[in-house]
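Novice: Sequence and computational prediction follow.
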Amino acid sequence: MPTQVVQAQPSTNAFLGFLQFWKDVKAVAQPYWYPHEPGDRAFSEVIRSWGMLILLILLIIALVGANVFNSFINRYLADIIIKEKEISQFYDALLLYGSALALGTLLAGFSRLVRKKIALDWYQWLNNNILSKYLNSRAYYKINFKSDIDNPDQRLSQEIEPIASNALSFSATLLEKILEMTAFLLVLLSISESVALILVTYTVIGNFIAVYLTQELNKINREELEAKADYTYCLTHLRTHAESVAFFRGEKQESNIIARRFSNLIKNAKRKIDWERNSEIFNRGYQSVIQIFPYIVFGPLQIRGEMEFGEIIQASVCCYFFANALGDLINEFGNSGRFSSYVERLSEFSNALEEVTKEPENVSTIKTIEENHLAFENVTLQTPNYEQVIVEDLSLSIQPGEGLLIVGPSGRGKSSLLRAIAGLWNAGTGRLVRPPLEEVLFLPQRPYIILGTLREQLLYPNTNRQITDVELKAVLQQVNLQNLLSRVDGFDTEVPWENILSIGEQQRLAFARLLVTHPSFTILDEATSALDLKNEGSLYQQLQSTKTTFISVGHRESLFDYHQWVLELSQDSSWQLVTVQDYRNQKVSLTKPPTDGQIKIDDLSQYKAKHKSEISTSEKLTHKEMNELTYYSLSTIRSKASKGESITTKDGVSYGYDKDPKVLKWVRV
C-alpha cells in the first residue's frame, strides 16, 4: 500500500501543479491582454497592445519564410556551381541570396525590437498594477501579518520584469521555432519522406528527455529565487540596523547569519550547475546528431548519383535550422521553470494583497464614523486575529483643544488604540467617531524619515504645500533644529537623513512637520521619548498653543503637565478615565514617592494589582471590581450597565452605572 501511494501522488500533484500554473498565468496576463473588470485598462491601450502583438507575429512568419526561401537559394547556387557553371547566373543568384540574408537580418532585428517593446509596456503596466494593490487600503501594512508572504520588496523590484520579458521571449520563440521546424520538415518531406519520418521520431524522443531534465530545474529555480530573496533581506536588515549591531558588537553573529543564508544560496547554485550541465550536454549532443544526420543519409546517395548535390545542400540546411530551432525550443522550456516560479510568486503576492484588503466576513468590526470630534462609544478592541481582547467597553469623548494621555503597563494596548483610530485595526465591537484621517497627524516613537530633501521632510505628507524658506527656518528654530541648515547645503538637499540625524533630532523634525501642517488632531506615540525634559516641554507648549486636539501615549511623569485627561489601561482589559489632577491624587494616596524623586506612571497600575481588596471598597467601581463583589459574570455586569439596571453586591449594597463620559463607573445608590 505505501508503494502505491508514493507512485500515485506525483502524477496527481504534477497535474494539479500544471492546472495551478495556467491559473496563475491567466491571473497575471488576463487583466493586461483581455481585461474584463471596469477600470482595468483603456480600450485604446488594449487595441495598441494587440496591434503590436499581431505585428510581431507577422514579423516572425516573414522571418521564417525568408529562412525557408534561403534554403532554396542555397540549393539553386549549388546546382549552378556544380552543374550549370554559368557565371552570370551565379552572380544573379548570389545577389538574390545576399538580399534574402539582409532581409532576414532586418526581420530578426525588428522582431526582437517589437518583442522587447511589448515586454516593456507589459512590465510597466504590471508593475503599476501590483504597486497600486500594494499601496491600496494600506495593504503594504496588512501584508506584514501574513507570515507566508516573504520579501514583498524583492517581489516588486526584481520579480515582475522577468515575467513580461520571459513570457514574450517564450511565446515568440515557441511560435518561431515551431514554424521553422514545420516548414523545414515539409521541405525534407519533399526531398525524402523516410528521412523526415526518422527526424520526427528522433524529435519526439528528444523532447521527452528534455522535459524530464527540466523538471528538476524548475524546482531548483524556485528555490533559487527564495534563497536570493532571503540573502538580500538579511543584508538589508543589517544596513537598516547598523547602529544597533555596532552597539551590541554583533558582527560575529551577523556574519554567521549572512554566511548561513549565503551557504544556502551557494548550495542551490551548485545543484543548478549540475543539472544545467546535464541539460547542456544533452542539447549539444542532440543538435550534433541532427547536423551530421544528412551526411550519413544523403552522402551515399550523392556518391551513387541518386541525388543531386543541391538537394543535399538544401537538406543539410533544413536539418541545421531544424536542429537549431529544436535546441532553442528546449532551452526555452528549460527557462520556463524560472518563469513559472516568477508567475507563481507574483500571483501568490497579488492574491494576498487582494485578500488583506477585503473586509472580513462573519466577524465583528468596530464601526467608524467620520465627524469633527473624537470619541469611543462602547468600543471593545481586539487583535487583528481576534485572539486577544485589548480593551473592553471603552467609552470616552475628547473635547476640541483637549489633551488625553494614555498610560498603562507595557503591552496593554496603548499603541493599539492609536492603530484603531488610524483604521489599521478594527477587530472588535462598538463605534469609533473620528475626524477624516486627512485632518489627523500621527507622530510615532521612531519618526518616519522619507527619502527626499529637507523641504520634503518638513512638508511630509503634503509635499506640494507652498511655504517659503523663511517660514521653514522659523519652524526649525521653534523645534531647536536651527543648526541643521549649517550641516547641509539648503532645504533642497537630499542626504541619508536617518544616518546623519539622531533619534532625538528625528523626533524634533517630526514635531516640525506638526507645526508646518497645523492639523486639527494629533496622535503622539511616545513621540518625545528620546528628548530631554526641556525640549519636550517646549514642543508640547507649542502643541498646546496650536489649539489642536491631541492624544499621547507615554510613561513620563512630565507629560501630565500638558494633558487634561488620563486614560489608564489595565492588565485585565479594564480601564479608567480620570482627570490629571485626580490621577495624581490617586498616586499620592496609593504610592510612596521614591527616594530619587522620580515617579513612574505605571506605579499606580502595579499597586492596584497588589491591593484589589482595598480598591473594591471605594464608592466608584469598575466592571471587574463589581464582578468580585457580586455573583454576576463580567458579561452580565456589562449588560446591566448598558441597560441602566442596578446591581446588589454580596453585602447587600446597591450600585448603579453612571454613564457620564467623565465617570463611567458603578456608584453606590
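Specialist: Structure's in. What do you need?
Novice: For the host helix or strand of Ala210, which helices and strands make contact with it?
Specialist: Here Ala210, judged by DSSP states H and E, is contained in helix 193-240. Helix 193-240 sits against helix 152-157, helix 161-191, helix 251-303, helix 309-357, with contacts defined as 3 or more CB pairs under 8 Å, 6 or more residues apart in numbering; DSSP states H and E. Every residue, glycine included, has its C-beta placed from N, CA and C.
Novice: Of those, which is nearest Val389?
Specialist: helix 309-357 (22.3 Å; CB to CB).
Novice: what does the average pLDDT come to for the closest one?
Specialist: Per-region confidence: helix 309-357 scores 76 on mean pLDDT.
Novice: Then stretch 454-473?
Specialist: pLDDT averaged over stretch 454-473 gives 85.
Novice: Can you verify my assumption that Tyr123 contacts Ile160?
Specialist: Yes - Tyr123 is in contact with Ile160 according to CB atoms under 8 Å; the separation is 6.4 Å.
Novice: quick one: which of these two has more around it?
Specialist: Per other CB atoms under 10 Å, whichever of Tyr123 and Ile160 has more neighbours is Ile160, with 23 against 18.
Novice: which residues sit in contact with the more buried one?
Specialist: Listed by CB atoms under 8 Å, 6 or more residues apart in numbering, the contact set of Ile160 reads 123, 126-127, 130, 342, 346.
Novice: what's the neighbour count on Lys414?
Specialist: Lys414: 24 neighbours (other CB under 10 Å).
Novice: Strands of the stretch 501-650 of the chain, residue ranges please.
Specialist: 521-525, 549-553, 565-569, 575-579, 620-621, 647-648 (DSSP state E, counting those that start in this stretch).
Novice: Reformat those strands as TSV; add distance to Ala315, mean pLDDT and mean neighbour count.
Specialist: As requested, those are exported to TSV (distance: least, CB to CB, whole Å; pLDDT from 0 to 100; neighbours: other CB atoms under 10 Å):
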stretch	distance to Ala315	mean pLDDT	mean neighbour count
strand 521-525	79	90	23
strand 549-553	83	91	25
strand 565-569	86	90	23
strand 575-579	90	88	19
strand 620-621	101	83	19
strand 647-648	102	78	18
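Novice: Redo the ones you listed as JSON lines? Include distance to Val25.
Specialist: Conversion of these to JSON lines gives the following (distance: least, CB to CB, whole Å):
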{"stretch": "strand 521-525", "distance to Val25": "44"}
{"stretch": "strand 549-553", "distance to Val25": "48"}
{"stretch": "strand 565-569", "distance to Val25": "50"}
{"stretch": "strand 575-579", "distance to Val25": "52"}
{"stretch": "strand 620-621", "distance to Val25": "63"}
{"stretch": "strand 647-648", "distance to Val25": "64"}
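Novice: Nearest to Lys665 among those would be which one?
Specialist: Once the strands of the stretch 501-650 of the chain are compared by CB to CB, strand 620-621 is nearest, at 3.9 Å.
Novice: How about residues contacting that closest one?
Specialist: 629, 655, 658, 663, 665-667.
Novice: I'd like to know which of those are buried.
Specialist: For the contacts of strand 620-621, a neighbour count by 16 or more other CB atoms under 10 Å gives the buried set as 629, 655, 665-666.
Novice: from those, which is closest to Arg115?
Specialist: For those, the closest approach to Arg115 (CB to CB) belongs to Lys665, at 73.4 Å.
Novice: now the angle from the helix or strand hosting Asn67 to helix 161-191?
Specialist: Under the criterion of DSSP H and E, Asn67 resides in helix 43-79. Counting by axes from the mean of the first three to the mean of the last three CA atoms, to 10 degrees, helix 43-79 lies at 40 degrees to helix 161-191.
Novice: what helices or strands is helix 43-79 leaning on?
Specialist: helix 2-33, helix 87-135, helix 161-191, helix 309-357.
Novice: coming back round to it: what about the helix holding Ala210, distance to the chain center?
Specialist: 26 Å (CA atoms, centre = their mean, to the nearest Å).
Novice: So for the protein, the centremost residue is which one?
Specialist: Residue closest to the mean C-alpha point of the chain, counted by CA atoms, centre = their mean, is Pro152 at 3.2 Å.
Novice: residues contacting it?
Specialist: So Pro152 contacts 134, 140, 143, 349 (CB under 8 Å, 6+ apart).
Novice: Can you read off the backbone torsions of Ser192?
Specialist: Main-chain dihedrals, Ser192, degrees, to the nearest 10: phi -160, psi 120.
Novice: Count the neighbours of it for me.
Specialist: For Ser192, using other CB under 10 Å, the count is 18.
Novice: Then Glu37?
Specialist: Neighbours of Glu37 (other CB under 10 Å): 8.
Novice: quick one: pLDDT of the nearest residue to it once chain neighbours are set aside?
Specialist: Once flanking residues are discounted, Glu37 sits nearest to Pro31: 7.0 Å by CB to CB, 6 or more residues apart in numbering. Confidence at Pro31, expressed as pLDDT, is 85.
Novice: Test my guess that Pro31 contacts Asp40.
Specialist: Yes - here Pro31 reaches Asp40: they are 4.9 Å apart, a contact under CB under 8 Å.
Novice: Could you tell me the angle between the helix holding Ala210 and helix 251-303?
Specialist: Going by the same axes, to 10 degrees, helix 193-240 makes 170 degrees with helix 251-303.
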